[in-house]
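Enquirer: starting from these lines, generate the structure:
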Amino acid sequence: MRRRVLHGLHLACAAGGLAALAASPGTALAADDGFAAVVSGILGNATYEAETVLSVFPRAGHNAESSGMEDEPVEGWTHLSLDSTTFIGDAWSFGLGVDAVASTYRGAERGAFCLPGCRSGNGRFADLSRLTVTYLGDVVEVTAGKDDVAVGVAELYSPADIYGRSNSANPQHDVDFGVWHVRTDFYLGNDRLSAIILPVEESAPGPASHSRWSGGGGSGTSEFARIDIPWLPPSVTPDIQNDLRGSAPAEWGYLLKYDGAATGVDYFATAYVGPGPFPVLRAPRPGQINPYYKVRPRVSIASAGAAWTTGAAKLYAEGMGYLAAGGQDEDFTRGLIGAKYRETSIANRLGLDEITPVIEFAKEWVHGKQDNMLYVVSSREARPNRNNLMLSATVQVNSKWKVGGGYNRSLSDRDALTSLFVRYQPNDDLSFALSGAEYHGRDETMFGRFSRHDNVEFQMKYSF
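Expert: Next up, the predicted model:
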């Protein structure tokens with residue numbers, strides 16, 4: 001019964017998204033041949049992907065029933081996406097991405113189609129992940145709208161890739177939904193210089209307060225593994241509310257990005273000023289105990305990285321420096337080194353197509369403490385992989401079968417995530433996968449807070 005309801009929700013979301021598109025103000029122009037040609041091009045060039053996941057949780061969360069936390073032993077999650085890029089004449093293109101999500105997770109999705117600057121922390125049944133208009137010049141491109149802002153060269157985790165947003169209501173299946181920005185790209189041979197303005201801040205959808213993924217240790221939010229406020233009475237639970245920045249140009253984000261390629265080398269460098277990628281907590285107003293405010297302080301960030309490829313091996317490194325204004329957060333630097341190797345010789349002798357191991361080590365160094373009295377919790381617990389070893393290995397058995405797994409361990413907190421999967425792909429458009437995830441560690445750690453949410457999942461993905 002649940003699967004039928006889930007399937008119905010899936011179809012309702014898809015129909016709602018297409019109906020909203022058809023009912024937009026531009027429908028009044030449908031009689032115009034030019035507009036009709038554009039709409040036809042958008043739908044004709046679109047690619048679609050449907051993904052359905054059934055998750056089984058052997059154990060209920062700690063005190064889940066008494067605390068009202070979600071503890072269903074079986075959950076369903078489904079995602080339908082449309083992605084299209086259409087050229088309009090010789091110098092313009094239009095990009096569109098629409099996502100529909102539905103699940104049995106209580107309260108995970110609400111409503112549809114957030115306006116720019118959305119302050120809701122809930123996922124949407126349907127929303128735009130990409131909506132862009134691009135001018136295509138010979139050496140300059142200008143893009144305005146909503147799209148991903150990707151940075152980095154790492155395979156598993158990039159400390160420099162911090163400017164995007166994703167729907168993490170189901171954190172095992174994040175859905176990228178892009179950020180609103182204006183971007184100008186200058187092409188310099190094989191290199192590119194990008195100037196990006198990020199004028200609005202949105203509240204990224206995350207787990208509902210009663211979700212099994214909302215975090216433990218009394219944090220009440222998935223972005224903090226624990227909240228330790230010395231003068232807060234033990235009987236008082238902090239009420240945490242989002243406080244997004246305003247819309248004045250002085251509060252916008254400004255990013256410069258340079259990336260390029262040479263023989264065997266890819267590289268990038270960035271400089272950024274604006275709201276930080278990691279949240280901190282600001283104290284309640286004078287004389288009040290609650291609420292606390294989750295804010296992103298104004299910061300300055302510089303990052304760089306490079307990847308060297310020789311034969312079947314790839315070696316890479318990234319670094320990032322972070323300075324917070326007015327002591328509102330910690331100042332720190334982060335670094336990552338990694339390697340990937342595509343092994344075929346030994347694999348072929350074993351009757352396999354390819355074995356691909358990846359290893360990465362990420363490390364963070366704190367240089368300045370959060371020393372502003374108005375800010376009571378730094379972003380430390382919200383920053384992933386502060387001192388972590390990450391491993392991954394995939395085995396391509398043949399054209400249809402692949403097996404693999406991953407391991408991410410914090411060397412400081414001694415918590416870890418282990419995952420395994422087996423995937424069957426009979427053709428390019430269809431795949432089935434069986435996977436498992438095991439969380440380990442103390443309750444106040446990044447992975448340990450989910451230690452009772454180990455799960456097994458069955459996934460079906462279809463592209464058309």
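Enquirer: where does the chain have low pLDDT?
Expert: For the chain, applying pLDDT under 70 flags the ranges 1-32, 34, 66, 215-222, 225-226, 230.
Enquirer: let's see 80
Expert: Scanning the chain with the threshold set as pLDDT under 80 gives 1-38, 61-68, 115, 117-122, 209, 215-237.
Enquirer: correct me, but residue 75 touches residue 104?
Expert: Yes - at 5.1 Å, residue 75 and residue 104 qualify as touching, with contact defined as CB atoms under 8 Å. No exception for glycine: its C-beta is placed from N, CA and C like everyone else's.
Enquirer: neighbour count winner among these two?
Expert: Applying other CB atoms under 10 Å to residue 75 and residue 104 shows that residue 75 carries more neighbours, namely 22 against 19.
Enquirer: quick one: secondary structure of the more buried one?
Expert: Three-state call for residue 75 (DSSP: H, G, I helix; E, B strand; the rest coil): strand.
Enquirer: need the strands for the stretch 1-150 of the chain, in chain order.
Expert: Using DSSP state E, counting those that start in this stretch, the strands assigned to the stretch 1-150 of the chain run over residues 47-56, 74-88, 92-103, 126-136, 140-147.
Enquirer: nearest to residue 458, out of the ones you listed?
Expert: strand 47-56 (4.8 Å; CB to CB).
Enquirer: what packs against the closest one?
Expert: Packing contacts for strand 47-56, counted by 3 or more CB pairs under 8 Å, 6 or more residues apart in numbering; DSSP states H and E, involve helix 2-22, strand 74-88, strand 455-463.
Enquirer: spit out the contact partners of the residue nearest the centre of the chain.
Expert: Geometric centre of the chain, nearest residue: residue 166, 3.8 Å, by CA atoms, centre = their mean. The contact partners of residue 166, taken as CB atoms under 8 Å, 6 or more residues apart in numbering, are 174-177, 204.
Enquirer: would you confirm that residue 132 contacts residue 142?
Expert: No - contact criterion CB under 8 Å: residue 132 and residue 142 do not qualify, at 10.5 Å.
Enquirer: who does the residue nearest to the centre of the chain bridge with?
Expert: Counting by DSSP bridges, residue 166 is bridged to residue 176.
Enquirer: and residue 282, by the same measure?
Expert: Counting by DSSP bridges, residue 282 forms beta bridges with residue 293, residue 375.
Enquirer: what's the distance between it and residue 253?
Expert: 19 Å (CB to CB, to the nearest Å).
Enquirer: neighbour-wise, which of these two wins?
Expert: residue 253 (25 against 19).
Enquirer: does residue 450 really touch residue 439, like I thought?
Expert: Yes - assessed by CB under 8 Å, residue 450 is found in contact with residue 439 at 4.2 Å.
Enquirer: and the two? which has more neighbours close in?
Expert: Using other CB under 10 Å as the criterion, residue 450 and residue 439 rank with residue 450 on top: 27 against 20.
Enquirer: dihedrals phi and psi, that one?
Expert: phi -110, psi 20 (degrees, to the nearest 10).
Enquirer: need the strands of the stretch 1-150 of the chain in JSON lines with distance to residue 260, can you?
Expert: Below are the strands of the stretch 1-150 of the chain laid out as JSON lines (distance: least, CB to CB, whole Å):
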{"stretch": "strand 47-56", "distance to residue 260": "29"}
{"stretch": "strand 74-88", "distance to residue 260": "23"}
{"stretch": "strand 92-103", "distance to residue 260": "23"}
{"stretch": "strand 126-136", "distance to residue 260": "20"}
{"stretch": "strand 140-147", "distance to residue 260": "16"}
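Enquirer: thank you kindly, that will do.
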